[in-house]
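Chemist: pasting the sequence and the predicted coordinates here, then a few questions.
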Number of protein chains: 2
Amino acid sequence: MTVHPAHTRIEVGDLAVPFTRVALTNGETFDRYCTEGPGSEPEHGLPPLRAAWIEGRGDTETYEGRETQLLDNGRAAVRRGQAQQEWRGERRAPRRAVAGRTVTQMAYARAGIVTEEMRYVAERERCDVELVRSEVAAGRAIIPANVNHPESEPMIIGKRFLVKINANIGNSAVTSSIAEEVDKLTHAVTWGADTVMDLSTGDDIHTTREWIIRNSPVPIGTVPIYQALEKVNGEADRLTWEVFRDTVIEQCEQGVDYMTIHAGVLLRYVPMTAQRVTGIVSRGGSIMAGWCLAHHEENFLYTHFDELCELFRHYDVSFSLGDGLRPGSTADANDEAQLSELRTLAELTQRAWEHDVQVMVEGPGHVPLHLVEENVRLQQDWCHGAPFYTLGPLATDIAPGYDHITSAIGAATIAMHGTAMLCYVTPKEHLGLPNRDDVKTGVITYKLAAHAADVAKGHPGARDWDDALSRARFEFRWRDQFALSLDPVTAEEFHDETLPAENAKTAHFCSMCGPKFCSMRISQDVRARFGDAELGMKQKSEEFVELGGTVYVEQPTRS
Amino acid sequence: MTVHPAHTRIEVGDLAVPFTRVALTNGETFDRYCTEGPGSEPEHGLPPLRAAWIEGRGDTETYEGRETQLLDNGRAAVRRGQAQQEWRGERRAPRRAVAGRTVTQMAYARAGIVTEEMRYVAERERCDVELVRSEVAAGRAIIPANVNHPESEPMIIGKRFLVKINANIGNSAVTSSIAEEVDKLTHAVTWGADTVMDLSTGDDIHTTREWIIRNSPVPIGTVPIYQALEKVNGEADRLTWEVFRDTVIEQCEQGVDYMTIHAGVLLRYVPMTAQRVTGIVSRGGSIMAGWCLAHHEENFLYTHFDELCELFRHYDVSFSLGDGLRPGSTADANDEAQLSELRTLAELTQRAWEHDVQVMVEGPGHVPLHLVEENVRLQQDWCHGAPFYTLGPLATDIAPGYDHITSAIGAATIAMHGTAMLCYVTPKEHLGLPNRDDVKTGVITYKLAAHAADVAKGHPGARDWDDALSRARFEFRWRDQFALSLDPVTAEEFHDETLPAENAKTAHFCSMCGPKFCSMRISQDVRARFGDAELGMKQKSEEFVELGGTVYVEQPTRS
């Protein structure tokens, strides 16, 4: 599905790398990065694009895998005695590294191997493949690509590349169904989400995730502690490393590409949050803080971190090191708790790299604008350039209902300074679970913030898009202006609200200023009459007055 | 009209300075800056708050004034032979300075006089009145306050004060009526607009403006060249200083508080725009550029600038020096044309100050994020700290339909660096005339951007609002969270979309995470059980497990 009649999905090169081609009315075309995937019927899932590449490397094997249990779908499934809405498409046996091998893109990159994934990414980013390989080898970029998610189209997260955005979906105990979540996924990637996190915390977590992964052309992230907590009846003190490990294996086998692990919430940091305005606002962070205090033991995610690395390197799951102590209000920004945790995340980054496991580091949250840059500067320094992945941050707390905007302000700023991926915030933030429309609004808002950062960073070619649209605007190619818009549907709808007639699509004005006051039109008329600025002004002036001396022509189509 | 049942308009001190008092459920109150005015029936207009202050100074006199002409309402009125929808409320004789006097707030401030307007502003801003007086005297702040707009509640624009926002309204040849425009005005000030510009370019310009000024509790700005152009049949080359001057007098007598004057569009700068992607995008700028070229003469607004100052000082009209050559695309940002004009605006600022006339300087437009700070730095340096008043700027061109957001990113950034007032951009920008809903969205978006800048600047007391809301959030005082929101209506609506029940307003969760995964709830439970962080962790840990060891309690109200 494409969002506009002038858009087509094209595929380039031997790897069939997709772009959205926008056909313009002047005969030109403009190709845009494309996230929407090849499309499919939800109950069949997507074709396994990467399957042959993965098999071709000969370093993985299929195996029987962990048996799915009723509890994987929560206590409701246990009560019912059966799972519901089971996945109806193809079921592939899980795959993992053969003994002694590490199948992460980082391991390949460090070994000097250029994978198809790296070539695909280079084509998508229109950059040299060596840049991709070297950035992945250095840990400054990641290609989240679980061998059990062959449906995904490889993408890269790192500050030398286009700024990416993530969309969160997933049900809660209060609302939403599997079909709705799959629809949100499709909607998110159609509008431009680069990755999607399934943050389900309600019923049918396992099955919902299966449907999502099988239908996702983008990497899928999760927070496994949510499902683990469900398995112990929601009682955080009953959480154990064993339950958690089992849940991680379950998700590795399904094909989750990156997992948020709150291993930086150390016992000694928890008291630092006691004087905060908003305490701990990360779900995972608060769960682990409760566990640490109840047991008076160190966070088991920290103490078992090397075992997690061992698992992840067998599937190529990337760490998203969770910031469980991120600030939840501008008052708490950049405080001792937050920065102490960041120090620990830096240590864990190094440890993951020792296992050749890919890592990104999560960041805030709520941060006033003057403290934003410090966040990314410290993270980049301490974590040796590992990609930063932030939630906004919101630049003020006063606008619930508009937090996609309060956070887009922080997001554009933090991305300009080097954040690699932005987690979207929807208008429902702090108020409720986002619906389909909220997902779209969040995605579009974050796409524009990410692009604003790309332009500000001088990313090669980024401004071409702005220039193409601005030229269409100046030349009154309204159809091209819509087609080149991030959201062509809304742009055209807004225009047509006051001027729906067909000929208004070629008119040299819109309803904002009307025909006589359109500055672009006057400016064009001036340019047309006076031509090249090098020509003598006096002569041109006389000519202009002879020509009638008006700077506009009354529109016969005026409504 | 207030927007929420917990809000009341209170009036403080002998000058009855208004605040919006928010009553919280914990018995506390929170007072916010209030722009909505005392309210009135549109056909009566507002009470003349400042009339006694102005008369009391004894330096103005009423006079007969210019006779209104049919052409003041455009060619449609001339064709009809009569004006329509004439103003039905009280008509006061116009007032101006007596011979030899200057009645600007700047003149008073420089003479060491503290006016009621200054005292009012100091109370509103909760600052020392001497700060107000000295900033106005130095030209670093203005109090736009035409003696013929006594209905206005004084406010100040300057970087030492709260960042202000302007909302543009006004009809175009294509759409809108007087009643609609008055309704947009009321809507704009209800939601927080600090000033409103009437940019009408259609029929009934004079009468529309009369209704707007008589009903406006905030300063009104205009761009007189629009009406002047209407008077010469829309033919820019027929514009003359005499027609323009007559229009300015008409508007001075009606009570316009500040006027955009495109006096910096000099003949020699026009060719600099020839190679731009989007040429000249200011309406006034393109009109004056056309005039300059047609006559091969210098801009008459520049050559007659001192005469304008002479007029303005008799009424206390402030200059808003228009940036007619502002960039209309990121490609054109900070170019030679723009910066050349800024140099001229700096010169004009000094000339206005020689006449004791108040000045602010307009700025862009479209600017990529990395070039934003330079705009305000150069303007502040060159214009000796005169207030900067920018349109956004938009940080990217690719998102028509979302330009309130692309511009809020630029606006928050430029305000953080010292811009004093932000002109809003609505979702309709580039596409059509904003309607009532667009006005609200534009105002709310800019209020949050302005506040984000206030917080980033460390403006005294600015973060109190964020903290009050965040505390309400952490304590699950949902009603207070709504009441403290910039837009309580939308916040409550979004919450109720999934949890409409009354008891959800006191529940310790929302539909986003559901009861078990609410981090704030878990964090509160942890805090409640473990108490002060100084207490021994081990002991507390044992106590916690004894207490049941769960970090949440199942909600009976779970839906």
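Modeler: Right, received. Where do you want to start?
Chemist: C-alpha only now, for contacts and for neighbours.
Modeler: Noted.
Chemist: distance of the nearest residue to residue A:98 once chain neighbours are set aside from residue B:460?
Modeler: Leaving aside its chain neighbours, residue A:98 sits nearest to residue A:60 (5.0 Å; criterion: CA to CA, 6 or more residues apart in numbering or on different chains). Distance, residue A:60 to residue B:460, by CA to CA, to the nearest Å: 61 Å.
Chemist: in three-state terms, label whichever residue of the stretch 1-150 of chain A sits closest to chain B for me.
Modeler: Nearest to chain B, among the residues of the stretch 1-150 of chain A, is residue A:32, at 11.9 Å (CA to the nearest CA). Assigned with DSSP: H, G, I helix; E, B strand; the rest coil, residue A:32 falls in the strand class.
Chemist: just residue A:210 next, same as before
Modeler: Assignment for residue A:210 (three-state DSSP): helix.
Chemist: contacting residues for it?
Modeler: Listed by CA atoms under 8 Å, 6 or more residues apart in numbering or on different chains, the contact partners of residue A:210 are A:87, A:254.
Chemist: burial count for the residue nearest to residue A:98?
Modeler: 20 (other CA atoms under 10 Å in any protein chain shown).
Chemist: contact partners for it?
Modeler: Taking CA under 8 Å, 6+ apart, we find residue A:60 in contact with A:54, A:95-98, A:103.
Chemist: the same query, at a cut-off of 10 Å, please.
Modeler: Residue A:60 sits next to A:54, A:95-99, A:101-103, A:147, A:314-315 when contact means CA atoms under 10 Å, 6 or more residues apart in numbering or on different chains.
Chemist: just among the residues you listed, which is most surrounded?
Modeler: Among the contacts of residue A:60, residue A:147 has the most neighbours (other CA under 10 Å), with 30 neighbours.
Chemist: for that residue, give me the pLDDT.
Modeler: For residue A:147, the model assigns a pLDDT of 98.
Chemist: surely it is in a helix?
Modeler: No. Counting by three-state DSSP, residue A:147 is not found in a helix; it is coil.
Chemist: nearest spatial neighbour of it, chain-adjacent residues omitted?
Modeler: Once flanking residues are discounted, residue A:147 sits nearest to residue A:315: 5.6 Å by CA to CA, 6+ apart.
Chemist: surely the one you found meets residue A:102?
Modeler: Yes. With contact defined as CA atoms under 10 Å, residue A:315 counts as touching residue A:102 (8.3 Å).
Chemist: overlap of the contact sets of these two?
Modeler: Common neighbours of residue A:315 and residue A:102 (criterion: CA under 10 Å, 6+ apart): A:60, A:96, A:357.
Chemist: mind checking what secondary structure the second one has?
Modeler: Spelled out, it's residue A:96. At residue A:96, secondary structure determined by three-state DSSP is strand.
Chemist: what about the strands in the stretch 401-550 of chain A?
Modeler: Under the criterion DSSP state E, counting those that start in this stretch, the stretch 401-550 of chain A carries strands at the ranges A:421-423.
Chemist: quick check: which ranges of it have low pLDDT?
Modeler: A:510, A:512, A:517, A:529-550 (pLDDT under 70).
Chemist: make it 80
Modeler: Low-confidence segments of the stretch 401-550 of chain A, defined by pLDDT under 80: A:506-550.
Chemist: same check, this time on chain A
Modeler: Low-confidence segments of chain A, defined by pLDDT under 80: A:1-2, A:40, A:172-176, A:506-559.
Chemist: so for it, the centremost residue is which one?
Modeler: Central residue of chain A (CA atoms, centre = their mean): residue A:166, 2.0 Å from the mean position.
Chemist: list the pairing partners of the helix or strand encompassing that residue within its sheet, with orientation.
Modeler: Element membership for residue A:166 (DSSP states H and E) is strand A:164-169. Partners of strand A:164-169 in the sheet, by DSSP bridges, are strand A:195-198 (parallel), strand A:421-423 (parallel).
Chemist: rewinding a little: how about the contacts of residue A:60 in TSV, adding distance to residue A:227?
Modeler: Converted to TSV, those look like this (distance: CA to CA, whole Å):
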residue	distance to residue A:227
A:54	28
A:95	22
A:96	22
A:97	25
A:98	28
A:99	28
A:101	29
A:102	27
A:103	26
A:147	22
A:314	21
A:315	20
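Chemist: which ones are touching the residue lying closest to residue A:177 once chain neighbours are set aside?
Modeler: Spatially, and ignoring its direct neighbours in sequence, residue A:177 is nearest to residue A:171 (6.9 Å; CA to CA, 6+ apart). By CA under 10 Å, 6+ apart, the residues touching residue A:171 are A:177-178, A:180-181, A:198-205, A:208, A:433-434, B:511-514.
Chemist: now, of those residues, which are buried?
Modeler: A:178, A:180-181, A:198-205, A:208, A:433-434, B:511-514 (16 or more other CA atoms under 10 Å in any protein chain shown).
Chemist: hey, C-alpha coordinates of the top helix by length along chain A in PDB?
Modeler: Identified as the longest helix of chain A according to DSSP state H is helix A:436-456. Once non-C-alpha atoms are left out, helix A:436-456 reads as follows in PDB (Å, rounded to 0.1, in the frame of the first residue of the first chain):
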ATOM      1  CA  ARG A 436      -4.300   4.000  15.000                       C
ATOM      2  CA  ASP A 437      -4.600   7.800  14.300                       C
ATOM      3  CA  ASP A 438      -2.300   8.600  17.200                       C
ATOM      4  CA  VAL A 439       0.200   6.200  15.800                       C
ATOM      5  CA  LYS A 440       0.200   8.100  12.500                       C
ATOM      6  CA  THR A 441       0.400  11.500  14.200                       C
ATOM      7  CA  GLY A 442       3.400  10.300  16.300                       C
ATOM      8  CA  VAL A 443       5.200   8.800  13.300                       C
ATOM      9  CA  ILE A 444       4.700  11.900  11.100                       C
ATOM     10  CA  THR A 445       5.800  14.200  13.900                       C
ATOM     11  CA  TYR A 446       8.900  12.200  14.500                       C
ATOM     12  CA  LYS A 447       9.700  11.800  10.800                       C
ATOM     13  CA  LEU A 448       9.800  15.600  10.500                       C
ATOM     14  CA  ALA A 449      11.900  16.000  13.700                       C
ATOM     15  CA  ALA A 450      14.300  13.400  12.400                       C
ATOM     16  CA  HIS A 451      14.500  15.000   9.000                       C
ATOM     17  CA  ALA A 452      15.000  18.500  10.600                       C
ATOM     18  CA  ALA A 453      18.000  16.900  12.400                       C
ATOM     19  CA  ASP A 454      19.300  15.300   9.200                       C
ATOM     20  CA  VAL A 455      19.200  18.700   7.500                       C
ATOM     21  CA  ALA A 456      20.800  20.500  10.500                       C
END
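Chemist: show me how far it is from its chain's centre.
Modeler: On the basis of CA atoms, centre = their mean, to the nearest Å, helix A:436-456 sits 9 Å off its chain's mean C-alpha point.
Chemist: same thing with stretch A:135-153?
Modeler: Computed by CA atoms, centre = their mean, the separation of stretch A:135-153 from the middle of its chain amounts to 14 Å.
Chemist: repeat that for stretch A:461-469.
Modeler: Worked out by CA atoms, centre = their mean, stretch A:461-469 lies 21 Å from the chain centre.
Chemist: check which residues of that stretch are buried.
Modeler: The neighbour-count check on stretch A:461-469 (16+ other CA under 10 Å) flags A:462-463, A:465-469 as buried.
Chemist: what's the closest of these to chain B?
Modeler: Distances from chain B to the buried residues of stretch A:461-469, taken by CA to the nearest CA, are shortest for residue A:466, at 5.0 Å.
Chemist: mind listing which of the buried ones among the contacts of residue A:171 are in helices?
Modeler: Counting by DSSP H, these place A:178, A:180-181, A:205, A:208 in helices.
Chemist: residue ranges for the helices of the stretch 351-500 of chain A, please.
Modeler: A:372-382, A:403-416, A:436-456, A:462-474, A:478-484, A:488-498 (DSSP state H, counting those that start in this stretch).
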